[in-house]
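Q: Quick check, what structure comes out for this input:
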Amino acid sequence: MKSKYNYYLILISLIFGFFLTSLTLGLSNLSPTNIDWISSHDTKSDFLALKFFINDEWHFPVGLNPNYGDITNSIVFSGAVPFLAFLSKIFKNFLPTNFHFFSLWIIICLSLQFLYSFKIVYFFTKKKSFSFLCAIFFLFLPTLYYRLNIHLSLSAHWIIFSYFYYELKNYEKAKIFIILLSCLVHFYLTIMLLLIRLIFIIDFLFKKKKI
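A: Residues are numbered from 1 along each chain as shown. Predicted coordinates:
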């Protein structure tokens, strides 16, 4: 019964993610080859970094993007969501011209924003309806949509939510995985998670020693 409930929750999250992305970008802009909506300077820069990276050969260290700019660069220092850029490069021979995963990334971000918001509130309240309403609230945070229009990789607020959730559940392996994943999304997120982890450790030590 629990697995069935989780399945429905994931399905609802994906529906919200798809609906809000299509509402934000427009249905025609969901295509992985449509670049008309990529208008801000930062998003254009990320798109160019992605194209140079995908169409170049592999270099060492992995992620090196030497043809993008005069200074030796790396895809991990761009906002082009490095782990998806790596996957795209692996399958580049099967991808269409002008391919990008930016619209898919927005769907992922919005879906997981709802999912982990719900899980965190439900952890404390055990009330589905209240958790649902709170997740809707977090799904419409203005800061999230502000980032969607400028820095796509920093739209992954769900990474911070997921870390909080796994901290509450005390899933150590999941917490480490999220921190490592954040390195392949944006280093700003990694720094945030490390600071959050430090705060939880300090809090644990204070409680253990009853300071």
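Q: Just the helices from the chain, written as ranges.
A: 2-25, 41-55, 82-90, 102-125, 128-139, 142-148, 157-169, 172-183, 187-208 (DSSP state H).
Q: would you turn those helices into CSV with mean pLDDT and mean neighbour count?
A: Any C-beta I mention is one placed from the backbone N, CA and C, and that applies to glycine too. Formatted as CSV, those follow (pLDDT from 0 to 100; neighbours: other C-beta atoms under 10 Å):
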stretch, mean pLDDT, mean neighbour count
helix 2-25, 90, 14
helix 41-55, 89, 18
helix 82-90, 93, 18
helix 102-125, 96, 21
helix 128-139, 95, 16
helix 142-148, 86, 15
helix 157-169, 96, 20
helix 172-183, 96, 16
helix 187-208, 92, 13
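Q: could you dump those to TSV with distance to I75?
A: Shown next, in TSV, are these (distance: least, C-beta to C-beta, whole Å):
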stretch	distance to I75
helix 2-25	23
helix 41-55	5
helix 82-90	5
helix 102-125	14
helix 128-139	29
helix 142-148	19
helix 157-169	18
helix 172-183	12
helix 187-208	12
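Q: Out of these, flag the one nearest T33.
A: Between T33 and these, the shortest gap by C-beta to C-beta is with helix 102-125, which sits at 10.1 Å.
Q: Just want the angle from the closest one to helix 2-25.
A: 130 degrees (axes from the mean of the first three to the mean of the last three C-alpha atoms, to 10 degrees).
Q: between helix 102-125 and helix 41-55, how big is the angle?
A: Going by the same axes, to 10 degrees, helix 102-125 makes 110 degrees with helix 41-55.
Q: Just the CA coordinates for helix 102-125, please, in PDB.
A: Provided in PDB are the C-alpha atoms of helix 102-125 (Å, rounded to 0.1, in the frame of the first residue of the first chain):
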ATOM      1  CA  PHE A 102      16.900  22.800 -20.500                       C
ATOM      2  CA  SER A 103      13.100  22.300 -20.700                       C
ATOM      3  CA  LEU A 104      13.400  18.800 -19.300                       C
ATOM      4  CA  TRP A 105      15.500  20.100 -16.500                       C
ATOM      5  CA  ILE A 106      12.800  22.600 -15.500                       C
ATOM      6  CA  ILE A 107      10.300  19.800 -15.400                       C
ATOM      7  CA  ILE A 108      12.600  17.800 -13.200                       C
ATOM      8  CA  CYS A 109      13.200  20.800 -10.900                       C
ATOM      9  CA  LEU A 110       9.500  21.600 -10.500                       C
ATOM     10  CA  SER A 111       8.500  18.000 -10.000                       C
ATOM     11  CA  LEU A 112      11.100  17.300  -7.300                       C
ATOM     12  CA  GLN A 113      10.400  20.600  -5.600                       C
ATOM     13  CA  PHE A 114       6.800  19.500  -5.100                       C
ATOM     14  CA  LEU A 115       7.800  15.900  -4.100                       C
ATOM     15  CA  TYR A 116      10.400  16.800  -1.400                       C
ATOM     16  CA  SER A 117       8.300  19.700  -0.100                       C
ATOM     17  CA  PHE A 118       5.500  17.300   0.500                       C
ATOM     18  CA  LYS A 119       7.700  14.600   2.100                       C
ATOM     19  CA  ILE A 120       9.200  17.100   4.500                       C
ATOM     20  CA  VAL A 121       5.900  18.500   5.700                       C
ATOM     21  CA  TYR A 122       4.400  15.000   5.900                       C
ATOM     22  CA  PHE A 123       7.300  13.900   8.000                       C
ATOM     23  CA  PHE A 124       6.200  16.400  10.700                       C
ATOM     24  CA  THR A 125       2.500  16.400  10.300                       C
END
